[in-house]
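1. Below are the sequence and a predicted model; questions follow.
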Amino acid sequence: MAEVRYQVDEVDQKILAYLVKNARMPFLEIARECGISGAAIHQRVKKMEEAGIIDGSRMIVRPKALGYGVCAFVGVQFSAANQYEGAVKELKKMPEVVECNFTTGQFALLLKVYCRDNEHLMQVLVNTIQNIPGVLNTETFISLDQAFERQVYVKDKWLIEGKHD
């Protein structure tokens, strides 16, 4: 889908702030908070989807609740620059890899990986990631705690609850 140019105004910012906080919030409730009709909310959300500003809505599954107690970031170095596409294709097959970023600096890829425990992480590293053709080296950083998580900044000065900038 081609992205459409769309200028986000204050009402859109307010809508986005509510949807980021709770993607299941009914449009009529957002409409009441914004002082416009439900149809207007629906039209604005549709336009923001068409413009590529909003990309669906998702439920957030907490990995620890499913037994994945270890979160790690894995830096991957390649033996040659042309190994990127093949490696990404293999990494997509691994359910433990939840995020893959092509980066500048020491590592070509930075992966976010969830595993049950350290033994599982070692198996994922040694038996899968390090066996991908072209992978020269990996460096692993185990997350001890996730201080916070959020989406890209959306002004929330219109929300009654929560912290305001």
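-> Received, thanks. Note that the structure is predicted; figures quoted are calculated from it, not measured.

2. residue boundaries of the strands in the protein?
-> 70-78, 97-102, 109-115, 135-143 (DSSP state E).

3. Give me the distance between the residue nearest to N82 when sequence neighbours are not counted and S57.
-> In this structure, N82 finds its nearest non-sequential neighbour in G134, 7.9 Å apart by Cβ to Cβ, 6 or more residues apart in numbering. The way it works is simple: take the backbone N, C-alpha and C, and place the C-beta from them, glycine included. According to Cβ to Cβ, to the nearest Å, G134 and S57 sit 36 Å apart.

4. Just name the shakiest helix or strand of this structure by mean pLDDT.
-> In the chain, the helix or strand scored least confidently by mean pLDDT, DSSP states H and E is helix 10-21, which has a mean of 91.

5. Please save the CA atoms from it in PDB.
-> Output of helix 10-21 as PDB, limited to C-alpha atoms (Å, rounded to 0.1, in the frame of the first residue of the first chain):
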ATOM      1  CA  GLU A  10      -4.100  18.300  17.400                       C
ATOM      2  CA  VAL A  11      -7.300  16.200  17.200                       C
ATOM      3  CA  ASP A  12      -5.300  13.400  15.500                       C
ATOM      4  CA  GLN A  13      -2.600  13.600  18.200                       C
ATOM      5  CA  LYS A  14      -5.400  13.200  20.800                       C
ATOM      6  CA  ILE A  15      -6.900  10.200  19.000                       C
ATOM      7  CA  LEU A  16      -3.400   8.600  18.700                       C
ATOM      8  CA  ALA A  17      -2.700   9.200  22.400                       C
ATOM      9  CA  TYR A  18      -5.900   7.400  23.400                       C
ATOM     10  CA  LEU A  19      -5.300   4.500  20.900                       C
ATOM     11  CA  VAL A  20      -1.600   4.100  22.000                       C
ATOM     12  CA  LYS A  21      -2.800   3.900  25.600                       C
END
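
6. Give the buried residues for stretch 64-75.
-> Neighbour counts over stretch 64-75 (16 or more other Cβ atoms under 10 Å) mark 68, 70-75 as buried.

7. Right, I'll leave it there.
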